[in-house]
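1. what follows is a predicted structure for the sequence shown.
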Number of protein chains: 4
Amino acid sequence: MLVVMENHATPDQIERVVRVIEEMGYHARPMPGGQRMAVGLVGNDGRVDGSRIEALPGVAEVIHVSKPYKQVSREWKQDSTVVRIAPGVEFGGEQIQIIAGPCSVESESQIVTAARLVRVAGATALRGGAFKPRSSPYSFQGMGKRGLELLALAKRETGLAIVTEALDEESIQLVAEVADCIQIGARNMQNYSLLRAAGRIGKPVLLKRGMAATITDLLMSAEYILAEGNERVILCERGIRSFDTMTRNLFDLTAIPLVQKLSHLPIIADPSHGTGLRDKV
Amino acid sequence: MLVVMENHATPDQIERVVRVIEEMGYHARPMPGGQRMAVGLVGNDGRVDGSRIEALPGVAEVIHVSKPYKQVSREWKQDSTVVRIAPGVEFGGEQIQIIAGPCSVESESQIVTAARLVRVAGATALRGGAFKPRSSPYSFQGMGKRGLELLALAKRETGLAIVTEALDEESIQLVAEVADCIQIGARNMQNYSLLRAAGRIGKPVLLKRGMAATITDLLMSAEYILAEGNERVILCERGIRSFDTMTRNLFDLTAIPLVQKLSHLPIIADPSHGTGLRDKV
Amino acid sequence: MLVVMENHATPDQIERVVRVIEEMGYHARPMPGGQRMAVGLVGNDGRVDGSRIEALPGVAEVIHVSKPYKQVSREWKQDSTVVRIAPGVEFGGEQIQIIAGPCSVESESQIVTAARLVRVAGATALRGGAFKPRSSPYSFQGMGKRGLELLALAKRETGLAIVTEALDEESIQLVAEVADCIQIGARNMQNYSLLRAAGRIGKPVLLKRGMAATITDLLMSAEYILAEGNERVILCERGIRSFDTMTRNLFDLTAIPLVQKLSHLPIIADPSHGTGLRDKV
Amino acid sequence: MLVVMENHATPDQIERVVRVIEEMGYHARPMPGGQRMAVGLVGNDGRVDGSRIEALPGVAEVIHVSKPYKQVSREWKQDSTVVRIAPGVEFGGEQIQIIAGPCSVESESQIVTAARLVRVAGATALRGGAFKPRSSPYSFQGMGKRGLELLALAKRETGLAIVTEALDEESIQLVAEVADCIQIGARNMQNYSLLRAAGRIGKPVLLKRGMAATITDLLMSAEYILAEGNERVILCERGIRSFDTMTRNLFDLTAIPLVQKLSHLPIIADPSHGTGLRDKV
């Protein structure tokens, strides 16, 4: 952590920052600059809560050097994590996996036909919502339990792995019985109770980036799942909100190499909100 | 709904749009323009799903004229709703109410002292988190049930109304026993299971705007609560995400008169994320 | 244009809207809906100024159906425009063109070496700034006229076409003498005096999308150049501003097919602000 | 400047960073942390170009401690600058000034009537565009020179100070003859040639924040004017672009105290783009 002093901070104010850092059990390392003094905080094993120091007189800014996340970072684990959701269906490895399917499960014939078509087209996993998060309470909210049964049937018919969304702690139990990979949608990316439940269940989780989530936010949400002991998390970029409403979502292509640099977790792209209807590694 | 045709749409394509609208049970009303034809859809009692028409050849765009929300709108109910969370503590009326208090409940002496101070300063309601949504799983997550007990104690000591956050369907039951008003935070604004649970409980709800939520999104989320029969919803503007990270959140002042025009529900401002630590009507 | 009335608009208010539309010389076409009345304005040959109607009592909203741009639109001209900036260097055609080079021209050896390297790597055009728009007045502002001379030299040595930026009406005259294509940068995308000057000069123009420009804004700026009689405009997506500052710019991939649908002008991608240092068709 | 090393940077890599810093003429100050090493760069008198260090192996990030602007900062000049545009019309002082008037000058009677009305309403300055930046080349672009003459007439009639926009180096000369304060609009905020011209002319300048400009961007643009020796700059917050298009611009209230903390220049609010038509200190 680096404490940047105002350029007319007094020696007393600097001295006090040094003292507080030492009271907190760390070492202070003053760094005089041409325009202002900075004080480094040394000896921390992770992120320090800087609010006490930020409030001291003469302090202009507190800069964090450590990242707020831990287990998801590539510094914690150098090798890329490969998440296997079903035999032969691995994310983060060499092979490209395609997850495809309709927005929601609507009937037996619809989902079985869709499953057959996407398998022929090369997909290895079937997606389709049984529980749907809808912005309107009056829209169709999904078939629920019956939708899960139809997904199970489509799996028996085609051998495809199933990826489907869970909305709350109740539905996640039901989803976990059928799905090979539990999806947590963009709107629930910071629903920490749901993230923890997904961590405890221990099945693979597909975590979608929220519409206004920074990459740090996404990694912190994944950290919630790993903190419960479940490392099988697949991240998913699906587009973020921008000022141009002509495109419903702005697909953030750069997020993919960036996440790959910062984290060992696999990340996939879901271009369906922008253009077509495909999921790609 | 208005269906705008491409400017070189053929008569056949226009004819087909008319036919589909009529098959859907509505009336079609062609509107020739200088540059292009548009076809109005008439006779709908609410929002029509335009996806079938959007996919027809020659269609450039589908424009919705009806709003997606209903019970929250001022067209549904002209008079402003006044939400009374405790005797004399009314939102949406003439009086200005101040909700104040610490970020989280930390100890008996802390919350009781804070309650006394904010009462003296003119507040009529005390806020303070017993359940805290934290971006890091390693941060303090709130005192939980014990925090609620301390809020109940602070209420007995000062007479202040209690506003505190619920994070999931489990904690909302506990919160409802103590709180005069249940807060749903920005991160859970689109957690529809939680919104429905808040609707069913029937206590006043303080619904905070999400960091990337449009005003329409906020009103749609409130609609979830009203759809369960609970009209006692207080909306809260607390700042949205912008490209300038120098300010943590961008307080959207214009949202307040805009919501007041579109909805009968009261809206309050929470400037604490931007600058100080006050909540104002 | 479609005039949407409030749902409790009176017959008198609707009548008045109809009258005003007819006074303006158009036809009014009332469209009763389940929730509200809308009035279509028919007979316009382009965009109508709706401000007079917007101010009438009972009017909720005015929706424009015509696009605000004209000559840049694919409806104006169906066939894709091919912009030829030098013999064999065509944008918008079948071949992929690569524009490459350093950020700014710094010395004879630097630019000539760079030109040779990028030609070997397959580029057909050389970029490099002689006039640089810098956020700090204390940063190097480019070599100016001498930089242009060095670009001319690099062109003689390698045969590459030259693309370089003009900042104002003075420098655009100098740039036009050397460049095969005049670049207008993101910060000047709405500098209408410069756009008009570029239109009058008549040389090919590379117009970069501004950091907060919508696609409509970009097309409107191009319209300024076409309105002066110069159709040789190449659009360029280079990334827009987002709330996540971890990536300096958010490359908007979807903009490319969208612009191709809306406009006949060629659009290229400049990924250099995000990741590497390449320009691709 | 602080150089943060990757957590598995080798001693050789750290050593090389130290060596490069010293070759650049500064002092290096290694700061070992629990997770990673950081190296402070000490002895700089302003901002250092970190690109050479950023490219070294083992370097994770370079953090700048100094601000990129200088003369506009409150550290450079502690006392608030008061900009006097006409006798008794001072910005940055105790009194609240109101600038009001129509969007553009349209006729003699219109501007003189408007001037009289706004004077009665308490305004001390009249605004009104003679040169208008329009997103469409087919819209009315302002009356130009004739508009300036009418503004001069309105000034003679009412005694109001005149604030009007200049679009380019040509019009700024004409504007300067009539205006008491030259306005540079949001779209031209990073038109550096125009900023420099405004600096050289030496008249008071009203600089509006661009639609996607950060506060740092705004201050850097003001720095261009001060760097030419003209300190009489009034900053203006007028709303920025957000993802919610229901409000045309998002007025950034927090920007005002933030700018006041960072800079000695006065800042005014222009709420006209959001709601009404007033300008306030």
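-> Now that the structure is in, tell me what you want to look at.
2. only C-alpha atoms for contact and neighbour calcs from this point on.
-> Noted.
3. quick check: residues of the stretch 1-150 of chain A near chain C?
-> The stretch 1-150 of chain A comes close to chain C at no residue, as judged by Cα under 8 Å from any Cα of the partner chain.
4. just the pLDDT for the residue of the stretch 1-150 of chain A found nearest chain C.
-> Closest contact between the stretch 1-150 of chain A and chain C, by Cα to the nearest Cα, is at residue A:67 (12.7 Å). Among the per-residue scores, residue A:67 shows a pLDDT of 77.
5. can you count the residues close to it?
-> Neighbour count of residue A:67, defined by other Cα atoms under 10 Å in any protein chain shown: 13.
6. go on, residue A:13?
-> Residues within reach of residue A:13, counting by other Cα under 10 Å, total 17.
7. can you tell me the closest non-neighbouring residue to it?
-> In space, residue A:13 comes closest to residue A:58 once its chain neighbours are excluded; the distance is 5.8 Å by Cα to Cα, 6 or more residues apart in numbering or on different chains.
8. and the one you found, how close does it get to residue A:50?
-> 15 Å (Cα to Cα, to the nearest Å).
9. comparing the two, which residue is more hemmed in?
-> Neighbour count, other Cα under 10 Å: between residue A:58 and residue A:50, residue A:58 has more, with 20 against 16.
10. give me the neighbour count for residue A:68.
-> By the criterion of other Cα under 10 Å, residue A:68 has 18 neighbours.
11. can I assume it is in contact with residue B:135?
-> No. Judged on Cα atoms under 8 Å, residue A:68 makes no contact with residue B:135 at a distance of 9.1 Å.
12. identify the contacts common to the two.
-> Taking Cα atoms under 8 Å, 6 or more residues apart in numbering or on different chains as the contact rule, the neighbours common to residue A:68 and residue B:135 are residue A:220.
13. roughly how far does residue A:225 sit from residue B:137?
-> Taken as Cα to Cα, the span from residue A:225 to residue B:137 is 9 Å.
14. check which helix or strand covers the closest residue to residue A:240 other than its chain neighbours.
-> Distances taken as Cα to Cα, 6+ apart place residue A:211 nearest to residue A:240, at 4.4 Å, with adjacent residues excluded. Counting by DSSP states H and E, there is no helix or strand that carries residue A:211.
15. mind pulling up the pLDDT for residue A:211?
-> We have a pLDDT of 89 for residue A:211.
16. tell me how many other residues surround it.
-> A count of nearby residues for residue A:211, using other Cα under 10 Å, gives 20.
17. next up, the contacts around it.
-> With contact set as Cα under 8 Å, 6+ apart, residue A:211 has these partners: A:186, A:187, A:239, A:240, A:241, B:212.
18. now flag whichever of these is closest to chain D.
-> Among the contacts of residue A:211, and counting by Cα to the nearest Cα, the member closest to chain D is residue A:241, at 6.4 Å.
19. how close does that closest one get to residue B:207?
-> Separation of residue A:241 from residue B:207 (Cα to Cα) stands at 21 Å.
20. those two: who's more crowded?
-> Applying other Cα under 10 Å to residue A:241 and residue B:207 shows that residue B:207 carries more neighbours, namely 27 against 23.
21. element containing the more buried one?
-> Judged by DSSP H and E, residue B:207 forms part of strand B:205-208.
22. can you name the residue of the stretch 101-250 of chain A nearest chain D?
-> Counting by Cα to the nearest Cα, the stretch 101-250 of chain A gets nearest chain D through residue A:243, at 4.0 Å.
23. and that residue, how far is that from residue B:76?
-> In terms of Cα to Cα, residue A:243 sits 30 Å off from residue B:76.
24. try residue A:120
-> Counting by Cα to Cα - residue A:120 and residue B:76 are separated by 50 Å.
25. just the CA trace of the strand or helix carrying residue A:19, in CSV.
-> Assessed by DSSP H and E, residue A:19 sits inside helix A:11-23. Coordinates of each C-alpha in helix A:11-23 appear next as CSV, following Å, rounded to 0.1, in the frame of the first residue of the first chain:
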residue,chain,number,x,y,z
PRO,A,11,6.5,16.9,8.7
ASP,A,12,4.2,16.3,11.7
GLN,A,13,1.5,14.9,9.4
ILE,A,14,4.0,12.6,7.7
GLU,A,15,5.3,11.5,11.1
ARG,A,16,1.8,10.7,12.2
VAL,A,17,1.1,8.5,9.1
VAL,A,18,4.4,6.6,9.8
ARG,A,19,3.3,6.1,13.5
VAL,A,20,-0.2,4.8,12.5
ILE,A,21,1.3,2.4,10.0
GLU,A,22,3.6,1.0,12.7
GLU,A,23,0.8,0.8,15.3
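26. following element in sequence after it, please.
-> strand A:27-32.
27. packing partners of whatever helix or strand comes next after that following strand?
-> Downstream of strand A:27-32, the next assigned helix or strand under DSSP H and E is strand A:37-42. Under the contact definition 3 or more Cα pairs under 8 Å, 6 or more residues apart in numbering or on different chains; DSSP states H and E, strand A:37-42 sits against strand A:2-5, helix A:11-23, strand A:27-32, strand D:27-32.
28. pick the most buried one from these.
-> Among those, strand A:2-5 has the highest mean neighbour count (mean count of other Cα atoms under 10 Å in any protein chain shown), at a mean of 26.
29. what is it packed up against?
-> strand A:37-42, strand A:59-63.
30. quick one: residue A:186 and residue A:206 touch, right?
-> No. Here residue A:186 does not reach residue A:206: they are 10.5 Å apart, not a contact under Cα under 8 Å.
31. can you map out the strands along chain A?
-> In chain A, the strands defined using DSSP state E lie at A:2-5, A:27-32, A:37-42, A:59-63, A:83-86, A:89-91, A:99-100, A:125-127, A:161-165, A:181-184, A:205-208, A:233-237, A:267-269.
32. mean pLDDT and distance to residue B:261 added to these, as TSV?
-> Shown next, in TSV, are the strands of chain A (pLDDT from 0 to 100; distance: least, Cα to Cα, whole Å):
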stretch	mean pLDDT	distance to residue B:261
strand A:2-5	87	45
strand A:27-32	83	54
strand A:37-42	84	50
strand A:59-63	84	40
strand A:83-86	97	49
strand A:89-91	96	49
strand A:99-100	94	42
strand A:125-127	97	41
strand A:161-165	97	36
strand A:181-184	98	35
strand A:205-208	98	34
strand A:233-237	96	36
strand A:267-269	94	39
